[in-house]
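Visitor: Everything below, folded, please.
(one chain, ligands or ions: 2)
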Amino acid sequence: MSLFIYNSLSRQKEEFTPLHPGIATLYVCGPTVYGHAHLGHAKSYVSFDVVVKWLRHLGYTVKYIQNITDVGHLTDDADEGEDKIAKQARLEKTDPMEIAQYYTRSYYEDMDRLGVDRPNIAPTATGHIPEQIALIKKLMENGHAYEVNGNVYFSVSSFPDYGRLSGRTDQEAQQSGGRVASRSEKRHPADFALWKKAETGHLMKWDSPWSTGYPGWHAECSAMAMKYLGDTIDIHGGGMENKFPHHECEIAQSEAATGKPYVRYWMHNNMVTVNGTKMGKSLKNSVNLKDLFQTIPPIVIRFFILQSHYRSPLDFSETAIKASQSGLEKLQETWRALATAAPGSEELDTAGYEERFTDAMNDDFNTPIAISVLFDLARAVNTALNSKQGLSENSLEECKKIFESCGHDVLGIIETGNTESSQGKAAGKEMVDDIVSILLDVRKQARQNKDFALSDLIRDRLADSGVAIKDTKEGAEWSISENK
Ligand SMILES: Nc1ncnc2c1ncn2[C@@H]1O[C@H](COP(=O)(O)OP(=O)(O)OP(=O)(O)O)[C@@H](O)[C@H]1O
Ligand SMILES: [Zn+2]
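Guide: Ligands and ions are numbered 1, 2, ... in the order given. As a prediction, this is how the structure comes out:
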């Protein structure tokens with residue numbers, strides 16, 4: 001069976017055939033880096049990590065781009081409000097670029113711990129201002145955009161397909177684009193900003209033919225996706241709340257500029273919710289990954305996410321995560337038993353398991369079913385290993401291979417490298433936490449005594465060992481730095 005992907009544009013599962021045989025191009029909207037990543041982000045990026053890993057498993061050369069939004073994402077999706085990063089910089093009394101850099105590092109640190117592969121290219125919006133200006137210029141030239149007072153807007157009525165992805169009628173799009181319509185200079189309430197003139201005091205701004213300003217949020221993804229992957233890309237992913245306006249606007253501006261189809265398969269992950277409401281930084285109900293990692297191993301969080309399908313919502317609760325933890329521990333125990341078992345005589349037919357796993361993954365990346373196949377295999381393995389006969393050398397090898405390729409390489413939920421128990425690891429981590437906190441106490445004492453040489457020495461030596469310190473109003477915060 002070949003791979004079928006649910007395409008949000010056609011609202012049905014379609015067989016995946018890439019534009020260029022053997023190569024799959026994938027663009028996923030990256031985070032807006034103004035805070036630590038939360039569990040909702042983890043769902044999005046773990047889901048697409050499995051997509052990438054499965055495509056690679058099938059033999060495709062995957063070109064995976066995931067951007068970093070470091071300018072242009074306003075607090076209000078309808079082209080109004082403050083830039084999210086500038087706002088955070090104001091609150092933390094620092095520069096926007098420092099905020100972006102700090103939270104970008106924090107993001108990769110968390111994703112690394114979740115076993116998420118880094119994208120092939122991670123372009124930033126601020127690093128691609130000329131490409132965005134070029135795109136906007138093209139849209140001005142071919143009549144899809146217009147300028148008013150240094151602001152440039154995309155003219156939605158010039159693109160009849162607008163609304164196809166989100167299924168919004170013209171009127172609905174108008175209404176949501178028109179929250180501020182009464183005082184808007186737009187020709188049409190649904191038109192969206194491609195370029196915005198900077199107000200006085202705005203820090204992140206660039207020269208352009210229209211004004212000194214900054215690009216609208218949607219422009220970056222089109223410009224960067226097409227720069228690195230070509231005018232037509234195979235798969236574009238992101239959270240489903242981004243279908244409108246973000247992805248709808250991406251389609252309009254890209255296709256209006258090139259005259260070619262922009263994306264062949266649109267994939268949208270569903271949301272992590274808290275009591276049924278979307279988890280979000282802006283909604284103030286988010287649970288940071290760094291906080292979760294204090295008590296729950298990252299691999300358990302990954303497993304928790306993959307136990308539900310990427311298109312299903314996932315409600316967060318400590319109880320649900322704890323249940324996942326004991327489930328995963330059982331699978332991991334079976335791996336340890338397999339890795340240390342002496343060969344016996346029973347032959348286990350493993351082909352069926354592998355086939356069922358493949359079918360599940362080929363059916364729109366159905367990870368809950370794929371995981372249930374691993375549990376079925378674990379049950380058969382445990383029964384055999386607990387019997388007098390044990391498993392034959394050949395069967396042990398076959399079972400280990402399935403755990404390694406499906407459980408470790410594709411899903412990333414089985415640790416095959418060592419057979420140390422998770423309790424042992426947790427104890428090691430606790431000790432690191434304790435030691436760093438002792439050193440931070442000594443450093444605090446040194447600073448109170450104005451012994452800045454000692455305080456800096458502690459900071460630098462910790463940095464050499466990969467522990468980054470950040471001094472905040474509440475005291476020193478630490479994290480394991482990205483390149484360790
Ligand atoms: N609760 C969630 N569940 C699943 N995916 C999410 C959730 N929150 C954000 N995402 C996804 O993470 C990606 C990056 O989001 P981004 O950093 O722009 O978040 P945001 O919407 O600014 O954050 P927030 O909603 O937390 O303020 C997007 O694809 C988005 O859909
Ligand atoms: Zn995007």
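Visitor: quick one: which helix or strand includes the closest residue to ligand 2 within the stretch 101-250 of the chain?
Guide: Nearest residue of the stretch 101-250 of the chain to ligand 2: residue 221, at 3.3 Å (Cβ to the ion). Placement of C-beta: from N, CA and C, glycine included. Using DSSP states H and E, residue 221 maps to helix 217-229.
Visitor: contacting residues around the residue in the stretch 101-250 of the chain that ligand 1 sits nearest to?
Guide: Of all residues in the stretch 101-250 of the chain, residue 239 sits closest to ligand 1, at 1.8 Å by Cβ to the nearest ligand atom. Applying Cβ atoms under 8 Å, 6 or more residues apart in numbering, one finds that residue 239 lies in contact with 29, 40, 44, 268-269, 271.
Visitor: Also near ligand 2: which of those residues, exactly?
Guide: residue 29 (Cβ under 5 Å from the ion).
Visitor: Distance of the residue of the stretch 101-250 of the chain closest to ligand 2 relative to residue 69?
Guide: From residue 221 across to residue 69, the span is 8 Å (Cβ to Cβ, to the nearest Å).
Visitor: in the stretch 51-200 of the chain, which ranges drop under the pLDDT threshold?
Guide: Applying pLDDT under 70 to the stretch 51-200 of the chain picks out residues 77-78, 170-183.
Visitor: Ignoring the adjacent residues along the chain, who's closest to the residue of the stretch 101-250 of the chain closest to ligand 2?
Guide: residue 250 (5.3 Å; Cβ to Cβ, 6 or more residues apart in numbering).
Visitor: can you tell me the helix or strand for that neighbour?
Guide: helix 248-258.
Visitor: That helix - contacts with which helices or strands?
Guide: The contact analysis (3 or more Cβ pairs under 8 Å, 6 or more residues apart in numbering; DSSP states H and E) places helix 248-258 against helix 129-141, strand 151-154, helix 217-229.
Visitor: Make JSON lines out of those and add mean neighbour count.
Guide: What follows is the helices and strands packed on helix 248-258, written out as JSON lines (neighbours: other Cβ atoms under 10 Å):
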{"stretch": "helix 129-141", "mean neighbour count": "20"}
{"stretch": "strand 151-154", "mean neighbour count": "24"}
{"stretch": "helix 217-229", "mean neighbour count": "25"}
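Visitor: Any chance of the backbone angles for the closest residue to residue 278 other than its chain neighbours?
Guide: Sequence neighbours aside, residue 271 is the residue nearest to residue 278 in space, at 4.8 Å (criterion: Cβ to Cβ, 6+ apart). Backbone torsions of residue 271, given as degrees, to the nearest 10, read phi -100, psi 150.
Visitor: where does residue 271 sit relative to residue 303, distance-wise?
Guide: Computed as Cβ to Cβ, the residue 271 to residue 303 distance reads 19 Å.
Visitor: Looking at those two, which is more packed in?
Guide: Neighbour count, other Cβ atoms under 10 Å: between residue 271 and residue 303, residue 303 has more, with 25 against 21.
Visitor: contacts for the helix or strand hosting that one?
Guide: In the assignment (DSSP H and E), residue 303 maps to helix 298-306. Identification of contacts with helix 298-306 by Cβ under 8 Å, 6+ apart yields 39, 42-43, 46-47, 50, 110, 113-115, 289, 292-293, 314, 320-321, 324-325, 327-328, 367-368, 371, 411-413, 415.
Visitor: Just checking the helix or strand following it against ligand 1, any contact.
Guide: The first helix or strand that comes after helix 298-306 along the chain, using DSSP H and E, is strand 314-315. No: Strand 314-315 does not reach ligand 1 (Cβ under 6 Å from any ligand atom); its nearest approach is 7.6 Å.
Visitor: Strand 314-315 pairs with which strands, parallel or anti?
Guide: Applying DSSP bridges, strand 314-315 is found paired with strand 272-274 (parallel).
Visitor: Would you check how far apart the nearest residue to residue 58 once chain neighbours are set aside and residue 365 are?
Guide: Spatially, and ignoring its direct neighbours in sequence, residue 58 is nearest to residue 3 (6.5 Å; Cβ to Cβ, 6+ apart). As defined by Cβ to Cβ, residue 3 lies at a distance of 9 Å from residue 365.
Visitor: Which residues are in contact with each of the two?
Guide: With contacts taken as Cβ under 8 Å, 6+ apart, the residues that reach both residue 3 and residue 365 are residue 54.
Visitor: who's more crowded, the two?
Guide: residue 365 (26 against 21).
Visitor: List only buried entries from the contacts of residue 239.
Guide: Among these, those buried by neighbour count (16 or more other Cβ atoms under 10 Å) are 29, 40, 44, 268-269, 271.
Visitor: and residue 384, what does it touch?
Guide: 344, 346, 348, 390-391, 395.
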